[in-house]
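Engineer: Take this sequence and fold it.
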Amino acid sequence: MIAMETIEKLSKEKLPMITVLAGEDLGQYSQAKEKFLKQIGFDPSDLTYSYFDMSETDYQDAELDLESMPFFADEKVVIFDHFADMTTAKKSYLDEKELKRLENYFESPVETTRLVLMSAGKLDGKRRLVKLLKRDAMVLEASPLKDAELRTYFQKQAHQEGLTFDTGVFEELLIKSNFDFSDVQKNLAFLKGYKTEGNISSQDIADAIPKSLQDNIFDLTQMILKRQIDQARNLVKDLRLQGEDEIKLIAILLGQFRMFSQVKIFSEEGQSESQ
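Structural biologist: Sure thing, here's the model as predicted:
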């Protein structure tokens, strides 16, 4: 089960003593973090929650809150956000003594406190801190999904949203989104707003979803190869108005033509060898 599916079943009442949310897939992590905070009902004005940005907080202040008893309810939730000390990022906000005190807390947490540790990035399995967390905490890691996992998750989501697709069109959506979690999520939202009833067709994909830079570069390459100069100039003008840099466009185009040339050379060599 992927992290998002586990998060969808969580609530404040179902939180374990310690929860870890991390992930190297930044798009998926961002969505997972937003969903997680919503699921547990996080409200910064609610005094049963304590939130600390560990990139800006003195650990002693966070530690004091972590180890104190709740005043306004039977239990409280303490959130350490941007806790990069548990990831492979070359950042450390806690010194060795502070890390040791936190590790000791993991061994004997306060029963009335639910601790949540969050940070973008891959968990560093070599750190003792992470080894303890994997032993004692619920770990939710937004790792890059396999194509099959991505397909299954968003097929379920599309069904829940009441979206149906013509044969093969859902696969077009995934390809259009480069099998990227965040892009698929965003493009599903475009389609939901565009097509209120009926099956989604290939034409709906083309009409509803904005073209990516990759799509536009492909179109531009085809225009140049077909000597459609006016159309190519207009597309370049549109891309410049969208903030794209001409030098960047030229560099990408050169890469495209280099690839086409190599494919042609290999194809001709293959034909020569077969004769």
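Engineer: any chance you could map the helices in the stretch 151-275 of the chain?
Structural biologist: Per DSSP state H, counting those that start in this stretch, the stretch 151-275 of the chain carries helices over the ranges 169-176, 181-194, 202-208, 213-225, 229-241, 246-274.
Engineer: And the stretch 1-150 of the chain, by the same measure?
Structural biologist: Using DSSP H, counting those that start in this stretch, helices in the stretch 1-150 of the chain cover 3-7, 26-39, 59-67, 96-107, 128-136, 147-160.
Engineer: max-length strand in the chain?
Structural biologist: strand 113-120 (DSSP state E).
Engineer: residues making contact with it?
Structural biologist: 12, 15-24, 26, 29-30, 33, 36, 40, 66-67, 70, 75-84, 86-87, 89, 105, 109, 133, 137 (Cβ atoms under 8 Å, 6 or more residues apart in numbering). Heads up, the C-betas are built off the backbone N, CA and C, glycines and all.
Engineer: Just the buried ones from those?
Structural biologist: 15, 18-24, 29-30, 33, 36, 40, 66, 70, 76-84, 86-87, 105, 109, 133, 137 (16 or more other Cβ atoms under 10 Å).
Engineer: OK, contacts around Asp108?
Structural biologist: Rather than Asp, residue 108 is Ser. Going by Cβ under 8 Å, 6+ apart, Ser108 touches no other residue.
Engineer: While we're on it, how confident is the model there?
Structural biologist: As predicted, Ser108 sits at a pLDDT of 92.
Engineer: Then Ala189?
Structural biologist: 89.
Engineer: Over to the one 10 residues further on?
Structural biologist: Per-residue confidence for Asn199 comes out at a pLDDT of 89.
Engineer: for Ser30, same thing?
Structural biologist: Per the predicted model, pLDDT is 93 at Ser30.
Engineer: same check, this time on Ile175
Structural biologist: 86.
Engineer: Start the count at 18 instead of 1 going forward.
Structural biologist: Done: numbering now begins at 18, and the last item shifts to Ile192.
Engineer: tally of neighbours for it?
Structural biologist: As a burial measure, Ile192 scores 10 neighbours (other Cβ atoms under 10 Å).
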